[in-house]
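Q: Build me a model:
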Amino acid sequence: MSKFQSTKIFDGFSTVFRQWQATTTHCQYLHGYAIEFKVTFEGELDHRNWVWDFGGMKRSKTLIDGMSPKEWMDYMFDHTVVIAEDDPTLPTFRALDGNKIIQLRVMKGPVGAERFAEFIYNKLNAFVFEETKGRVRIARVEFFENKKNTAIYEG
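A: Numbering: from 1, shown residues only. Okay, here's the model as predicted:
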């Protein structure tokens, strides 16, 4: 059985985060990027000879955390501050969010390019697998925090 791959880049997100455990680098401070991520879809071709419909996120019936995939991506990464749930300053960020100064998103486990790639992979793989009834899976996610730095997660 052969497998085909296709890729799509999702971009246009402005995200701020801090890696509180990176105490020997400037990454311990809030810093932000115009992020993007490249998703590699893998599977058999459908009746149109496509692995994945590049506009499929817009037309999908399957939801991610109760939202369309596009809404979920915007919710998580567009003009947001992403903080690890074990960050000792989380109460401060919650107060800023409560005062509508930031849009806070809390992630289980550490944050950073590698963890964002893994997080996106896990969310999108479950979505794509369900949406295609098991025909397609996510092979990898490459997370770009800028044009020079990326991190890749492969399932």
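
Q: tell me, how many neighbours does the closest residue to E36 other than its chain neighbours end up with?
A: Of all residues not flanking E36 in the chain, D11 sits nearest, at 3.5 Å (Cβ to Cβ, 6 or more residues apart in numbering). All C-beta spots, glycine's among them, are computed from the backbone N, C-alpha and C. D11: 10 surrounding residues under other Cβ atoms under 10 Å.

Q: show me what contacts D11?
A: The contact partners of D11, by Cβ atoms under 8 Å, 6 or more residues apart in numbering, come to 34-37.

Q: What is the three-state secondary structure of it?
A: strand (DSSP: H, G, I helix; E, B strand; the rest coil).

Q: Give me the pLDDT value at the residue nearest to E130 when sequence neighbours are not counted.
A: Counting by Cβ to Cβ, 6+ apart, T62 is the residue found nearest to E130 once chain neighbours are left out, at 4.9 Å. pLDDT for T62: 95.

Q: Please point out which parts of the helix or strand bottoming out on mean pLDDT in the chain sit buried.
A: Every helix and strand in the chain was compared by mean pLDDT, DSSP states H and E; the lowest is helix 56-59, with a mean of 86. For helix 56-59, burial by neighbour count (16 or more other Cβ atoms under 10 Å) applies to 56-57.

Q: Counting neighbours, which bits of the following helix or strand past that helix end up buried?
A: Next along the chain after helix 56-59, taking DSSP states H and E as the criterion, comes helix 69-77. Using 16+ other Cβ under 10 Å as the test for burial, helix 69-77 gives 69, 72-73, 76-77.
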